[in-house]
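Enquirer: can you look at this prediction? I've put the sequence above it.
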Amino acid sequence: MLIKQMSVFVENTTGRLAQLTRVLGNDGIDIKASCIADTVDFGILRCIVDDPEEATRVLKEHGFTASITEVIAVELEDRPGGFADVLEILAKENIGVNYIYSTIRSKEGAAIIVLKVEDPQKAIDVLLSNNVKLYKAHELGNIGK
C-alpha cells in the first residue's frame, strides 16, 4: 500500500510551475494529488502521478531536480473529527506524521489524504488493523468517476 511520491524542486519564478506541469502533461502524465511548500526563492512540489519513475526522468531531462519517496493514502470520513480519528490511531502507536495533503479527486462522503509518516510499514499495519481504507496509486485516478 506504499505509494511512490515525486518531489520536485521548483524555482520560485513566474511560469516555472506552469513549465513543470506542461512537461508532465505533454508526456501524458496525470497528477492525482499534489501540494507545494515554498520559500522566497524556491518550492518543493510533492505529487502522486501515474508513473513516478518516468515523470522523474522526463523532468530531469528538462532541467528539474526530482526524487521519489514513499507515502500512504488513507480514506477518512468527510465530517468534523474524521481526520482526527485517523491521526489519533497513528499517535497511539507513536507514529509521527511529517506532512499531509489531499488528493485532487474525492469520494462521496469521504476525503482521501496523503500522509508521509516516520514508519510507513508500521502505519499501514496499524491503520489496516483499525479498518482504515488505504489506497494504491492506481486507485487514486479512479476516485469520483
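Expert: On my side now, so go ahead.
Enquirer: so how far is residue 63 from residue 71?
Expert: Taken as CB to CB, to the nearest Å, the spacing of residue 71 relative to residue 63 amounts to 25 Å. Any C-beta I mention is one placed from the backbone N, CA and C, and that applies to glycine too.
Enquirer: comparing the two, which residue is more hemmed in?
Expert: Comparing residue 71 with residue 63 by other CB atoms under 10 Å, the one with more neighbours is residue 71, at 22 against 10.
Enquirer: I'd assumed residue 3 was in contact with that one.
Expert: Yes: the criterion here is CB atoms under 8 Å, and residue 71 meets it with residue 3 at 5.3 Å.
Enquirer: near the nearest residue to residue 67 once chain neighbours are set aside, how many other residues are there?
Expert: Distances taken as CB to CB, 6 or more residues apart in numbering put residue 7 closest to residue 67, at 5.3 Å, once the chain neighbours are dropped. A total of 16 residues lie near residue 7 under the criterion other CB under 10 Å.
Enquirer: cool, and the one 3 residues further on?
Expert: Counted with other CB under 10 Å, the neighbours of residue 10 add up to 19.
Enquirer: so what's it up against?
Expert: When contacts are counted by CB atoms under 8 Å, 6 or more residues apart in numbering, residue 10 touches 16-17, 20, 36, 42-45, 64.
Enquirer: try it again with 7 Å
Expert: When contacts are counted by CB atoms under 7 Å, 6 or more residues apart in numbering, residue 10 touches 16-17, 20, 42-43, 45.
Enquirer: what lines up beside the lengthiest strand in the chain in the sheet?
Expert: Looking across the chain with DSSP state E, the single longest strand is strand 65-77. According to DSSP bridges, strand 65-77 has the following sheet partners: strand 3-11 (antiparallel), strand 110-117 (antiparallel), strand 134-135 (antiparallel).
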